[in-house]
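Return atomic coordinates for the entry below.
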Amino acid sequence: PSNENSLVLIGVTPDQTGHLSIDSTTLNSLLSSNPDAVKNVFAASGTSTNNALSFVNYGSNTASGSYAVNITQAATQASVTGSTVLTGGLAGAESVTVTDGSGQQAAVNLTAGQSLSSIVSALNTEFGKTYAQQLSVGGFAAGTTSATTLSSLGLNAGDTIAISGTSRTGAAVSSTYTVASGDTVASLLSAIQYAYNQQATATVDAAGNIVLTDNQSGQSSLSLNLAYTNGGGGTFAGFGTSSLAQVGRYAMNISASATSGGALQLADSTYGAGSSFSMTQSANNLGIANASFTGADVAGTIGGLAATGSGQVLTGTAGNASGLSLMYTGSATGSIGTFSASLGVGALYDNMLNTLAMPGSGLVSNDITSMQTSYDNLSQQIANVQAQMNQEQATLLTGFQAMETTIANLNSSGQYLTQLSQMTSNASGSTSSFK
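Here you go, the predicted structure:
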C-alpha cells in the first residue's frame, strides 16, 4: 500500500453503522502478492538505504517519515593489538591477567616458545570458563574427614560454633551450631549448609580445611566466618581466617585472535562505552603495554535532530525522531544513508494506549494520582475540621460543667439563705410572744 497507515488500501473499511468490514478479495490479493506491506499497516517498521542501518524501536512521539542519518562516531569495541610478531613463538614465559568491566578476571600462564595459535587457544579457553566461588577456613588437622568425631578434635558437647557471613546475593547469614555428644565433622558441615539455605556445599579437604562452595557458578558475594566458644570445656584451638580459594566468575565477553601480521589481538565482544577491559603482565613479550581499554558509543543525528548513543544503537531525543532507535553496525562516519520509518495503525494505537494507560506517566495514571491527591487533601481537611469540632466540644463541655457547678453553688446558697430567713422569722415571732 502507498500509505501504510491506511486500512482502506488493504480492504478494511467502515460500514454505515461504523463497524469495520473486510473486503476479503482485496486483502487476500495483497497477502499473496505483498504480505510485508499488509504487516506494515499494523506494525512499526522501516527501510534503510544502508544495510548497516536497521530499525530497533520507536517512541510515543515518533512520526512516520524519512530521516537522514549522520554518524559522527561509529561504535567501537574495547580492543588492543600487540606490536610484537609472534610467528616464531613467545620470547619468554609470562603470566597474563585480563580484567573485564565488571571486575571478572582471567589469569593465564604462558611459556617461552609457545606458539601464537596456542596462546590464542589458552586465552580463549580461560575466557570461556565459569567458576563457582569457593572459600576455605582452616582449623582441623590434616587427614580430618567428614566421619571424624568432633570430640577427637578437642570439641566437647556444649561447645558452640558461630556461623556467619553472606550468601551469594549478599544477604546476611547468622547461625549457631552447638556440639552434641557423638557429633562428627559431617554434623558441622550440615549445619553450615543449613545456615546457607542449602545454596552452598560444605566439605573438608585433605589439609583439614572447611571448604564452602557456591552451588551456582558466576559472580558471588559468598563469605564465611567460623567462631569457636568452649562453653562445654573443649580444648579446640579455634578456626582460622576465611580465605578466597576461587573467585566466582561467569564466562567473559572477551576473545583473543591472531592478526594477519602474526600479532595477538584482544577484543571485547560488546560495543560502546560499557565495553572495557584491562590487562596486566609479569613481562611484556606480547607487545601490549599494561593498560585499560574502552570502547565508544555511536554518536550522530537522526533527521538533523539530536540523538544519543548506547553501544551501536542511536536514539532520537527531539522532534519527530524522538524515541526512534536505529542500530548502526558500520564503521563509516558522515552521512551514511536515509531511514524511512513507517508506523502502522497498530503501532499508533499502541502509542495512544501508552499515552492513556502507561503506569506512572499515562493520562489515566495521572488522573488517578490527581484524584488520590484531592481525596487525601479533603480527608486531611475533614480530619482538621473534626479536630476543631472535638476541641470546641471539649470547650463547651468544660463551660457547661462549670455552669452546672455554679448553679449548684447558687442553689446551695439559696437554700442556706432560705433557711436563714426562716430562722430569723422564727426568732422574731418568739420575741413578740415573750413581750
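
quick one, strands of the stretch 1-150 of the chain?
Residue ranges of the strands in the stretch 1-150 of the chain, as given by DSSP state E, counting those that start in this stretch, are 12-14, 20-22, 44-48, 53-57, 65-73, 77-81, 94-100, 105-110, 132-137.

Report the secondary structure state of L410.
Look at L410: counting by DSSP: H, G, I helix; E, B strand; the rest coil, its state is helix.

what's the burial count for it?
Burial of L410 is recorded as 10 neighbouring residues (other CB atoms under 10 Å). (C-beta placed from N, C-alpha, C; glycine too.)

shaky segments in the stretch 301-435 of the chain?
In the predicted model, the stretch 301-435 of the chain carries pLDDT under 70 at residues 344-365, 428-435.

re the thing from before, any chance of the strands of the stretch 1-150 of the chain in TSV, with distance to L150 and mean neighbour count too?
Formatted as TSV, the strands of the stretch 1-150 of the chain follow (distance: least, CB to CB, whole Å; neighbours: other CB atoms under 10 Å):
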stretch	distance to L150	mean neighbour count
strand 12-14	80	13
strand 20-22	79	11
strand 44-48	68	18
strand 53-57	61	16
strand 65-73	65	17
strand 77-81	52	20
strand 94-100	41	18
strand 105-110	37	16
strand 132-137	15	21
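
for those, which one sits closest to N390?
For these, proximity to N390 was assessed by CB to CB; strand 53-57 is nearest, at 57.6 Å.

name the helices or strands packed onto that closest one?
Strand 53-57 is packed against strand 44-48, strand 325-328, strand 334-343, with contacts defined by 3 or more CB pairs under 8 Å, 6 or more residues apart in numbering; DSSP states H and E.

One more pass at 10 Å, please.
Where contact means 3 or more CB pairs under 10 Å, 6 or more residues apart in numbering; DSSP states H and E, strand 53-57 is packed against strand 44-48, strand 313-316, strand 325-328, strand 334-343.

In terms of secondary structure, what does the first one contact?
In other words, strand 44-48. For strand 44-48, the contact count by 3+ CB pairs under 10 Å, 6+ apart identifies helix 35-42, strand 53-57, strand 65-73, strand 325-328, strand 334-343, helix 345-357 as packing neighbours.

what are the pairing partners of that strand, and which direction each?
Using DSSP bridges, the strands paired with strand 44-48 in its sheet are strand 334-343 (antiparallel).

can you give me the offset of the strand it pairs with from its chain's centre?
For strand 334-343, the gap between its own C-alpha mean and the chain's C-alpha mean amounts to 34 Å (CA atoms, centre = their mean, to the nearest Å).

CA atoms of that strand as CSV?
Written as CSV, here are the backbone C-alpha positions of strand 334-343 (Å, rounded to 0.1, in the frame of the first residue of the first chain):
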residue,chain,number,x,y,z
GLY,A,334,29.3,11.2,7.9
SER,A,335,26.0,11.0,6.0
ILE,A,336,25.6,7.2,5.9
GLY,A,337,22.1,7.0,4.4
THR,A,338,18.4,7.5,4.9
PHE,A,339,15.9,5.6,7.1
SER,A,340,12.2,5.5,6.2
ALA,A,341,10.1,4.9,9.3
SER,A,342,6.5,3.6,9.0
LEU,A,343,4.2,3.4,11.9
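
buried ones in that strand?
336-337, 339, 341-343 (16 or more other CB atoms under 10 Å).

Ok, stretch 202-221 next?
202-204, 208-214, 219-220.

Just put those residues in TSV and tack on secondary structure.
As requested, these are arranged in TSV below (three-state DSSP):
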residue	secondary structure
A202	strand
T203	strand
V204	strand
G208	coil
N209	coil
I210	strand
V211	strand
L212	strand
T213	strand
D214	strand
Q219	coil
S220	coil
